[in-house]
Structure formats: structure tokens, C-alpha cells
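> Okay, here's the prediction I keep looking at, along with the sequence it came from:
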Amino acid sequence: MTEPVDPDAPLLTRLRVGRVFAPEPLDATDILIAGGKIAAIGSDLEAPPGWPVRTVTAPDLTAVPAFIDQHVHVTGGGGEGGYGTRCPEITTAEIASVGIGTVVGVLGTDSVSRSPADLLAKVRGLRADGIAAYMYTGAYRVPPPTLTGDVQRDLAWIPEVIGVGEIAISDHRSSQPRQDELERLVSEARVGAMLAGKRGICHFHVGDGTRGLEPLRRLLTETEIPPDQVIPTHVNRRHELLAEAASYAKLFGASVDVTAFDDHAGDDEHSAFTAVCALLEAGVPIERITISSDCNGSLPEFDARGTYVGMRVAGNGALLGDWQKLVREKILPLEAALSLISGNVARVLGLHDRKGRLAIGSDADVTLVDSDLQPRQTFVAGRRIHPPSDQGVM
């Protein structure tokens, strides 16, 4: 049944801010939104006479592209220490409060009590709440669990499925896939994505194992798979792996994803801030670097024998904090830093035609940040998700 249209509802939304970064700085203070898309960007924009307009006035805030997090355990991760160590689901408020408008849901170690069907249901629930949510089919193990029984069909038939992941390699929790199994899986993802007009990336969890990125180097060397389909994440979990990731990115022109580890925030040697600095210093082009949170996944600890000894639940605060630090410490200007959590991620995921920048025709995914780069309001497809509407508008 079609819901009745409210005759008093505004057709347009106009954001009036102090500055606009698209991510490059624009000579503009207004963004006009219609039908979930950006209709115009300029200054002193006016709607056609008689058209109802909702105006959000925030002259002290800066409009930037809403952030994109390509690695979120939206249904909760964990489980490595038994049933009592399953992590909780994430909420819409937790996502939008840090300026994130788009997430990609993943399954990890546990694909027994958590399934792709659970993940799809959660993704659709987040969409109903206003978040732009997608998912990877599969999990750590190979062959991967799927929705339809086939990776190609998942990508071809399920709109929310944009890739396969997180596939575990170089980790004692992985299924220790053979090289031919990885090659077949990535090939299946590529063909299924082609049928649906998607990028179809394969998102690889890289563990502490000494093999590091060797399986991916072999994959790109010995097959015709293009580098932009293969994305390793967690590459900053140890120094040797990060150095290998820098070589990998430069050799193949590939992208690498660093994790804003919630237990390594700030000045820690494995933080996303430190990893981005190291990759840039090693000569990796900034367009080949992204940051994700691993939010609501587990942060398990194992002894030398691989026995579980404890766990924490990851948050997304480190993603925001490490990104802010890159700008505050003048490692990167704001427009360049934004690419790490917006434009670069949109390109990696194949969403760059509508997300990752503020431009006419793009999705109206906008985050308003204050002078300290703290998100104050988050809009997705023109709908204000944070703060909730019952808290008023600045």
C-alpha cells in the first residue's frame, strides 16, 4: 500500500553552512537537496517560488562528504571465546554520530551462529533507518557461506551485495584456503559482479601469519584478475605487514585498507594515523589508501599457542580520531584527508558515481563538522540521521 503524501512536507532541503568541501574547497555556502540528490551547490540559493523548503542553518559548520566505512560487523562479530563472547549489533545512532553515512557489513570468524541472511536483514534494517548500507557475501572461510548457494548469484541477484568478504588469509582462524581456491573465489566474484554492473571487490582479512600478502601477490601475478578487485585490510597489524603492503600497493597499483584499531588509537605504533603516515612516506599514492573501523568486531587476544585469553569489542571512535589527527597535525590538508574515508572508499567499492563527493547529481550524503572536525549533523540521501529529528536542528 502506498503511504499518503504529507502536503506540508518540504520538497527541498537547503543546507546553509560556513564552508563546503567537496572534498576540494568550493566557493559556496549552500547545498540544495531534492529527491535525495544534490540539486545545486552555491551561495544564497533560492527555490522556485511556492516550493516548500526546509532550511538547515549552520554558519559555524563545514559541509563535507559523509564518511564511508567499508568494514563494519553490523550484526556483531566475535565468538572466538565461546557463546558468551559474541559482540553486539551496531545501531544507526552509533554509525551516524561519527559522521558515517555509508557502511558495508561483514561476517568474520563466526558464520555459524551469524549468517549472510542475518547480515542482509540487518543491512535492510539500517537502510530503513536511513543509513546507506551494503554487505559482502561470505565470511572468513572458503568456500564461503552465501545467500543463494552461489557467489555469482549473490552478486548478480542481491542489490545490497557488492563483494565477497572478509576472506581470512595468513591467520590461524582462516580455513587455510589453497591458492587455486582463492583464485576460483575471486573469479566467481568478478563474473557475478560483471553481470550486475558492480565492482565486486574481494575484501581480504590479513592475519598475523608469516605468509602475509603472499597469496594476494600470487593471485595478481599468476592470473588476469585486476588489482582493483582485491582489497587487503588490517595491513597495519604489524610493521612487517605494513611494509609489505606498501610494496604491494606500489608494485600492482593496488589499494590497501588500514584499520583504525580501537585498542591502538592515538600515538600507538599500529594506529591508522601511524600507518597512513608510513604508507605515504614509503611512496604509496594517497588515492591507494583507505581507512576502515572493524567496528563491532572482536579484538581477541591469543597466547603463543593460539589459545583464546580475552576479548574487547571494537568501536568506531578511533576511525574518527585517527582521521582528525591527520589534519590537526598537518600531515594532510582537509581535502586530501577526506579522500581516505570518503572518495577513495567510494572508488574501491564501485560507488564513486554517486558517493564520496559533494556534486550535483550525487547522493545527498553530507556531514557537517565543526572547527575541531567533530561531526555535528549527518545527512544521508538528504535525510538528517544525526542528531535525530526530535532533537531539533541547529
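Received it, and whenever you're ready, just let me know what you need.
> What segments of the stretch 1-150 of the chain are strands?
Here the stretch 1-150 of the chain has its strands, by DSSP state E, counting those that start in this stretch, at 12-21, 25-26, 30-34, 37-42, 53-65, 67-72, 100-105, 132-137.
> partners of the shortest one in the sheet?
The one in question is strand 25-26. strand 12-21 (antiparallel) (DSSP bridges).
> now the angle between strand 53-65 and the partner strand, please.
Strand 12-21 and strand 53-65 meet at an angle of 30 degrees, taking axes from the mean of the first three to the mean of the last three C-alpha atoms, to 10 degrees as the criterion.
> Give me the mean pLDDT for strand 12-21.
Averaging pLDDT along strand 12-21 yields 97.
> so how far is that strand off the chain centroid?
24 Å (C-alpha atoms, centre = their mean, to the nearest Å).
> Which elements pack onto the longest helix seen in the chain?
Criterion DSSP state H: the longest helix present in the chain is helix 179-196. Packing partners of helix 179-196 (3 or more C-beta pairs under 8 Å, 6 or more residues apart in numbering; DSSP states H and E): helix 151-157, strand 161-169, strand 201-206, helix 214-222. (Glycine included, C-beta is placed from N, CA and C.)
> could you redo the ones you listed as JSON lines and give each row distance to L107 and mean neighbour count?
Listed next are those as JSON lines, based on distance: least, C-beta to C-beta, whole Å; neighbours: other C-beta atoms under 10 Å:
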{"stretch": "helix 151-157", "distance to L107": "13", "mean neighbour count": "22"}
{"stretch": "strand 161-169", "distance to L107": "8", "mean neighbour count": "28"}
{"stretch": "strand 201-206", "distance to L107": "11", "mean neighbour count": "26"}
{"stretch": "helix 214-222", "distance to L107": "20", "mean neighbour count": "18"}
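> Make CSV from those and add mean pLDDT and distance to P387 to it.
Listed next are the helices and strands packed on helix 179-196 as CSV, based on pLDDT from 0 to 100; distance: least, C-beta to C-beta, whole Å:
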stretch, mean pLDDT, distance to P387
helix 151-157, 97, 35
strand 161-169, 96, 29
strand 201-206, 97, 31
helix 214-222, 97, 41
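> Could you say which one of those comes nearest to L351?
Closest to L351 of the helices and strands packed on helix 179-196, according to C-beta to C-beta: strand 161-169, at 7.7 Å.
> Provide the strand pairings for that closest one, with the direction of each partner.
For strand 161-169, pairing defined by DSSP bridges yields strand 132-137 (parallel), strand 201-206 (parallel).
> Can you pull out the residues in contact with the last one?
So that's strand 201-206. Residues outside strand 201-206 that contact it (C-beta atoms under 8 Å, 6 or more residues apart in numbering) are 70-71, 104, 106, 108, 136, 140, 162-171, 174, 185-186, 189, 212-213, 216, 228-235, 237, 241, 257, 348-350.
> how much does that strand deviate in direction from strand 67-72?
Computed by the same axes, to 10 degrees, the angle between strand 201-206 and strand 67-72 is 60 degrees.
> Just the C-alpha atoms of strand 201-206, please, in PDB.
As requested, the backbone C-alpha atoms of strand 201-206 are provided in PDB (Å, rounded to 0.1, in the frame of the first residue of the first chain):
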ATOM      1  CA  ILE A 201      35.600  -6.500  -4.700                       C
ATOM      2  CA  CYS A 202      37.100  -9.300  -2.600                       C
ATOM      3  CA  HIS A 203      37.800  -7.900   0.800                       C
ATOM      4  CA  PHE A 204      40.600  -9.900   2.400                       C
ATOM      5  CA  HIS A 205      41.300 -10.100   6.200                       C
ATOM      6  CA  VAL A 206      45.000 -10.400   6.700                       C
END
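> got a list of contacts for the longest helix of the chain?
Counting by C-beta under 8 Å, 6+ apart, 142-144, 150-157, 162-164, 167, 169, 177, 199-202, 215, 218-219, 222-223, 225, 229-230, 350 sit against helix 179-196.
> nearest residue to E287 other than its sequence neighbours?
The shortest distance from E287 to any non-neighbouring residue, by C-beta to C-beta, 6 or more residues apart in numbering, is to N344 (5.8 Å).
> same question, G209
The nearest residue in space to G209 (C-beta to C-beta, 6+ apart) is S170, at 3.4 Å.
> Quick check, pLDDT for the one you found.
For S170, pLDDT reads 96.
> switch to numbering from 241
Shifting the count to begin at 241 puts that one at S410.
> Give me the neighbour count for it.
Using other C-beta atoms under 10 Å, S410 is surrounded by 22 other residues.
> what residues are up against L591?
For L591, the contact set (C-beta under 8 Å, 6+ apart) comprises I308, T342, I402.
> Same question for A576.
Applying C-beta under 8 Å, 6+ apart, the residues contacting A576 are P263, I526.
> Phi first, then psi, for it.
phi -80, psi -40 (degrees, to the nearest 10).
> Look up how far R457 lies from it.
A576 is 28 Å from R457, where distance means C-beta to C-beta, to the nearest Å.
> Repeat that for H412.
H412 is 21 Å from R457, by C-beta to C-beta.
> got it, and T514?
For T514, the distance to R457 - C-beta to C-beta - is 24 Å.
> Could you do I340 as well?
32 Å.
> before we move on, what about F307?
30 Å.
> go on, A586?
The spacing between A586 and R457, counted by C-beta to C-beta, is 26 Å.
> Is it correct that L520 is in contact with I526?
Yes. Using C-beta atoms under 8 Å, L520 is in contact with I526, at 6.6 Å.
> Those two: who's more crowded?
L520 (17 against 14).
> can you confirm that one is in a helix?
Yes. Under DSSP: H, G, I helix; E, B strand; the rest coil, L520 falls within a helix.
> wait, what's in contact with it?
Shown in contact with L520 (C-beta under 8 Å, 6+ apart): I526, I529, I571.
> can you put these in TSV and add pLDDT?
Compiled in TSV, the contacts of L520 are given as follows (pLDDT from 0 to 100):
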residue	pLDDT
I526	98
I529	98
I571	97
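> out of these, who's nearest L360?
For the contacts of L520, the nearest to L360 is I529 (29.5 Å; C-beta to C-beta).
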